[in-house]
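Peer 1: Quick one: sequence and predicted model below, then my questions.
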Amino acid sequence: MTGNGLFPLTSEHEMIRQAARDFAQKEIAPIAAEFDETGDFPSATIRKMGEMGFMGIEVPEEYGGAGMDAMAYVLALEEICKVDAAHGTIMSVNNSLFCHGILKFGSEMQKQKYMGAVASGSVIGAYSLTEPMSGSDAGTMRSRAVRDGDDYVLNGRKSWVTSGPVAKYIVVFMMTQPEKKHRGVTAFIVDTSRPGFGVGKKEPKLGIRASATSEIVFEDYRLPVEDRLGEEGEGFKIAMVVLDAGRIGIAAQALGIAEAAYEASLAYAREREAFGQKIGEFQGISFKLADMKTRIEASRLLVYNAALAKERSKQTGERYTLEASMAKLFASETAMFVTHAAVQIHGGMGYSKELPVERYFRDAKITEIYEGTSEIQRLVISRAELGLR
Ligand code: CAA
C-alpha cells in the first residue's frame with residue numbers, strides 16, 4: 001500500500017495512475033493546444049485510451065471494461081485532465097454517465113449489447129438530460145416518448161450533449177407521462193444510427209473545446225421496448241443516481257486542472273525574476289501559492305473520499321449524493337480559484353496562448369456548470385443536511 005496516508009493506494013492504483021500519467025504526457029500533451037484551437041474531436045487519442053482500458057475503468061472485464069474500482073477511475077481521470085480536460089470530459093461521460101448507468105440499471109442484454117462496445121472504447125457513449133428550456137430544473141423536460149405496441153416513438157430536442165455528434169449510443173431521458181411530472185420521465189438507450197435521430201446545433205465553447213457538444217434531435221425515432229433503461233417512470237431517479245457518479249468524475253477533472261495550473265505557477269514563481277528577485281519571494285505571490293496548494297489538497301480529500309463512498313455503495317447500495325456534491329462543489333470552485341491565480345502569477349504570459357495556463361483557466365469554468373451548477377450542488381447538500389429530501 002502507498003498513497004497519502006488517509007487514502008492508502010494499492011499497487012493496482014499506482015499502476016493505473018502511472019499509466020494514465022505516461023499516456024497523457026506522451027500522447028495528449030503534444031496535441032492538446034492544437035485540438036483546443038481547432039475544436040476538432042481527438043478520435044485517435046480517444047481510441048487509444050479505449051485500448052488502454054480508460055473508457056470503462058469500473059466495468060467488469062467480462063463486459064469489455066478494465067474491472068477496476070472507483071478510486072482507480074478518479075486517479076486515472078485526474079491524470080488525463082492534468083494534461084487536457086477535453087479528453088477528460090469525453091472519458092468521464094463515457095465512464096460515469098453512460099457505462100455506470102447501464103451497469104446499474106441495464107438488463108443483461110443491454111450490458112452485453114451496448115456497454116461492452118462503449119467500455120472497450122470501440123464506440124462512444126453519451127447521456128442526454130438537458131433541454132433548451134430545462135437545465136437545472138431537470139424534471140420539466142418537454143420531449144416525449146410514446147408507447148406504440150412493442151416500440152416507443154421519440155420526439156423532441158435535447159441540448160448540451162457531451163459527445164452528441166460522435167456518440168454511437170446515448171442514454172436519453174424523455175417524458176412518457178407528463179402529468180406525473182418527474183415521475184413521468186423514462187430513460188432509453190438510443191442507437192444514433194437509426195432513422196429519426198439527428199445532430200443539431202454544435203456548441204462553440206469557451207473551454208474543453210476538443211470535446212464535441214451539440215443538440216440532438218428526435219423526429220419519430222422508433223426504438224423497441226427492450227431498449228428502455230429501467231421501468232417506465234423511473235427515468236428521473238436513474239438520471240439523478242447516474243449524476244451522483246458523474247459529479248465525482250467532474251470533481252476529479254477539476255482537481256487535475258487545478259494541479260496543472262498550480263505546478264505551472266510554482267515553476268514560474270521559482271524562475272521568473274522582478275525587482276532583483278524571484279517572484280516567488282514576494283509575499284503577494286507566495287501567499288497565493290499557499291492558498292492554491294491548500295485548496296487543492298482539500299479538494300483531493302473530498303474527491304478520494306467520494307470515490308471510496310461510491311465503491312462502498314457497490315456493496316451496501318447506500319447513496320453517496322452528499323459526498324459527490326461536496327467534492328464537485330469544492331473541487332470546481334478550487335479549479336476556478338487556482339486557474340485565476342495562475343494566470344495572474346504568470347502575468348502577460350498567463351494571458352498568452354504560448355502557455356497552457358489560459359487554457360486551464362477556460363477549461364476550469366465548465367466544472368462549475370455542467371452535471372449540476374455550483375448552486376445546484378449547494379441545494380443538494382443543504383437539503384440533505386436539513387433533511388428536506
Ligand atoms: N438519488 C436517488 N434519487 C434521487 C436523487 C439521487 N441523487 N436526487 C433526487 N432523487 C429523487 C428524490 O428522492 C425524489 O424522489 P420521489 O419522486 O420518490 O419523491 C425525486 O428524485 C425528485 O427529487 P427532488 O424533489 O429533489 O427534485 P427537484 O425537482 O426538487 O430537483 C435537483 C432535484 C437536484 C435540483 C435536480 O433537478 C438536479 O440535479 N438538477 C441539475 C441537473 C443536472 O445536473 N444537469 C446536468 C446534466 S448532464 C450535463 O451537464 C451534460 C453532459 O453531457 C455532461
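Peer 2: Good, I have the coordinates. In this text, all values refer to a predicted model and were calculated from it rather than measured experimentally.

Peer 1: what separates the longest helix along the chain from the chain centre, distance-wise?
Peer 2: The longest helix of the chain (DSSP state H) is helix 235-271. Remark: helix 235-271 is offset 8 Å from the chain centroid, using C-alpha atoms, centre = their mean, to the nearest Å.

Peer 1: Parallel or antiparallel, list what pairs with the following helix or strand past that helix.
Peer 2: Using DSSP states H and E, the next helix or strand after helix 235-271 towards the C-terminus is strand 273-274. Partners of strand 273-274 in the sheet, by DSSP bridges, are strand 277-278 (antiparallel).

Peer 1: So what's the gap between the partner strand and the chain middle?
Peer 2: Strand 277-278 sits 39 Å away from the centroid of its parent chain (C-alpha atoms, centre = their mean).

Peer 1: elements contacting the helix or strand just after that strand?
Peer 2: Going down the chain from strand 277-278, the next helix or strand is helix 283-316, by DSSP H and E. Contacts defined by 3 or more C-beta pairs under 8 Å, 6 or more residues apart in numbering; DSSP states H and E place helix 283-316 against helix 70-83, helix 235-271, helix 321-346. C-beta: built from backbone N, CA, C; applies to glycine.

Peer 1: buried ones in helix 283-316?
Peer 2: Residues 285, 288-289, 292-293, 295-296, 299-300, 302-311, 313 are the ones in helix 283-316 that count as buried (16 or more other C-beta atoms under 10 Å).

Peer 1: cool, and stretch 257-270?
Peer 2: Buried, per 16+ other C-beta under 10 Å, within stretch 257-270: Ile257, Ala258, Glu259, Ala260, Ala261, Tyr262, Ala264, Ser265, Leu266, Tyr268, Ala269.

Peer 1: now swap in stretch 145-165 and tell me
Peer 2: Neighbour counts over stretch 145-165 (16+ other C-beta under 10 Å) mark 145, 152-165 as buried.

Peer 1: Repeat that for stretch 114-129.
Peer 2: Buried residues in stretch 114-129 (16+ other C-beta under 10 Å): 114-121, 123-129.

Peer 1: chain center to the helix or strand harbouring Val172, what's the gap?
Peer 2: Per DSSP H and E: Val172 is located in strand 169-175. Relative to its parent chain, strand 169-175 has a centroid offset of 17 Å by C-alpha atoms, centre = their mean.

Peer 1: same question, stretch 88-107
Peer 2: Using C-alpha atoms, centre = their mean, the offset of stretch 88-107 from its chain centre is 10 Å.

Peer 1: related to what we said a few turns ago, I'd like the buried residues of stretch 257-270 as TSV, with pLDDT and distance to Val357 appended.
Peer 2: Formatted as TSV, these follow (pLDDT from 0 to 100; distance: C-beta to C-beta, whole Å):
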residue	pLDDT	distance to Val357
Ile257	99	11
Ala258	99	12
Glu259	98	13
Ala260	98	9
Ala261	99	6
Tyr262	98	11
Ala264	98	6
Ser265	98	8
Leu266	98	12
Tyr268	98	9
Ala269	98	13
